[in-house]
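1. could you look at this predicted model? Sequence included:
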Amino acid sequence: MWRDRLTRGLALRLCLLLTTLCVCLHVYLELGERRGAPSPLTLGRPTQTSQVLLDSGERKLGAADPTESRVGDRAVKRRVSYVRTPKKDSVAGKTVGGEDPSTCCPPLRPNRKSARWHIELEPWASDSHSLEEEARRFLSYITTPQVFCAPPSPESPVVQGGQEGPEGRWAVCLDSRYSLAQRIHIQHCRVYSLGLGMEDKTVERSLARAGCEVHCFDPSLRQAHLQESDMWLHRLSVDWRDPNPAIPAQRQHSNTKKLATILNDFGHRQVDVLKADMESAEWKILENLVLEGVLSSVGQLLLEIHLHWAGFEVGGDDPSVVRYWFSLLKELERAHFRLFHYHSDPAKPRLFLHRNILNATSAYTLGWVNTQWKP
């Protein structure tokens, strides 16, 4: 008798245990189906915010089962929210009708070309790599104008610097083929003048009187910014590198910046005329302008070069130095600049890398015009 009762008790307990397991398994599978509902991406549905508005104003996700509970809807929406943000160049960034959203938010203008690491050195002038051959090629290049600029009309308000006329030390190209004359006429031109203790400002003053916006950068000024004779004077020195932020300001020249940084700080995108007399720093500054693509923002470049020594941070033997100089000027030519003016100062000593070579003077003033410049 007691054995029958024990058998029935065990059977009842076993049935209860199996029933509990079945209920738990059913609940687990039910929750798993709801949590694991496939996203629209796995069903091949459009990903535009993963939701499409119906004519009735109701939302639907693909072809969802109308009997699906509200809890299931929330679970799906939470899952879809991770794929709602489209990538920048993704097709999902378009609307249902195929309209590109970029039409309402135009992309920003591309910046200058990405910076390069080094300039392209030109081949040697001769197999012997001699200084005389390198100097001969270089001097011939800087004394042979590549384009002719018609002289300014007598009514022109611009006076060429140093002395009047096209033979002056500093000269701008006012030929009608290029934009400067027209920009002066509408008084919408900008001039940057870089120097150290600049004395000859004839060109700057005449361009300022003609209506140009003239900025002179000289680290020897006492005030940070000063307006004088229709010109802005700034206590800044242009360098080929920005100050090191790891060095305290009192231990470095905090008023020294690259030209690209100054343009960005001033909010200027283009400069009609860039004049530079940097006392042997011009080579590294010019290299920086080439490598950072700043030359595309310049209409004309007036540059004084110094040849009595290699220049700041220019290394190598003498033939390599002259090859480097020549390669830099060829980079100007590749940037669509053409030489229209040169001037040698007869009062300067006849020194070319500390010696007299081909009777060259120690300083030349060059004028280059960007033939492809579009302001």
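-> Here it is on my side, so go on.

2. helices or strands up against the longest helix belonging to the chain?
-> Within the chain, and with DSSP state H defining each element, the longest helix by residue count is helix 2-35. Helices and strands in packing contact with helix 2-35 are listed as helix 70-80; criterion 3 or more Cβ pairs under 8 Å, 6 or more residues apart in numbering; DSSP states H and E. C-beta: built from backbone N, CA, C; applies to glycine.

3. circling back to that earlier point, same question for the longest helix of the chain, mean pLDDT?
-> Looking at helix 2-35 alone, the average pLDDT works out to 74.

4. could we number from 17 for the rest of this?
-> OK, 17 is where the count begins now, so the last one is helix 18-51.

5. show me where the stretch 267-391 of the chain has its strands.
-> With DSSP state E, counting those that start in this stretch as the criterion, the stretch 267-391 of the chain has strands at 272-274, 287-293, 314-322, 353-360, 379-386.

6. hmm, who's touching the fourth one?
-> Put plainly, it is strand 353-360. 158-165, 178, 182-187, 189, 311, 317, 376-377, 379-387 (Cβ atoms under 8 Å, 6 or more residues apart in numbering).

7. and the gap between the nearest residue to residue 331 once chain neighbours are set aside and residue 140?
-> Closest residue to residue 331 apart from its sequence neighbours, by Cβ to Cβ, 6 or more residues apart in numbering: residue 337 at 8.0 Å. Summarising the geometry, the distance separating residue 337 from residue 140, computed by Cβ to Cβ, to the nearest Å, is 13 Å.

8. neighbour count for these two, which is higher?
-> Neighbour comparison, residue 337 and residue 140: the larger count goes to residue 337, with 21 against 15 (by other Cβ atoms under 10 Å).

9. just checking, the more buried one touches residue 330?
-> Yes - in terms of Cβ atoms under 8 Å, residue 337 counts as a neighbour of residue 330; the distance is 5.9 Å.

10. need the helices for the stretch 217-366 of the chain, in chain order.
-> Counting by DSSP state H, counting those that start in this stretch, residue ranges of the helices within the stretch 217-366 of the chain are 218-225, 275-282, 298-307, 334-350.

11. wait, what's in contact with the nearest residue to residue 355 once chain neighbours are set aside?
-> Using Cβ to Cβ, 6+ apart and skipping residues adjacent in sequence, the residue nearest residue 355 is residue 162, 4.8 Å away. Contact analysis of residue 162 by Cβ under 8 Å, 6+ apart lists 349, 354-356.

12. quick check, nearest of those residues to residue 216?
-> For residue 216, the nearest member of the contacts of residue 162 is residue 356. The distance, counting by Cβ to Cβ, is 19.5 Å.

13. burial measure for residue 41, as a count.
-> By other Cβ under 10 Å, the burial measure for residue 41, its neighbour count, is 10.

14. what separates it from residue 34, distance-wise?
-> For residue 41 relative to residue 34 (Cβ to Cβ), the value is 10 Å.

15. likewise residue 150?
-> As judged by Cβ to Cβ, residue 150 and residue 34 stand 98 Å apart.

16. more neighbours: those two, which one.
-> In terms of neighbours (other Cβ under 10 Å), residue 150 is the more surrounded of residue 150 and residue 34; the figures are 26 against 10.
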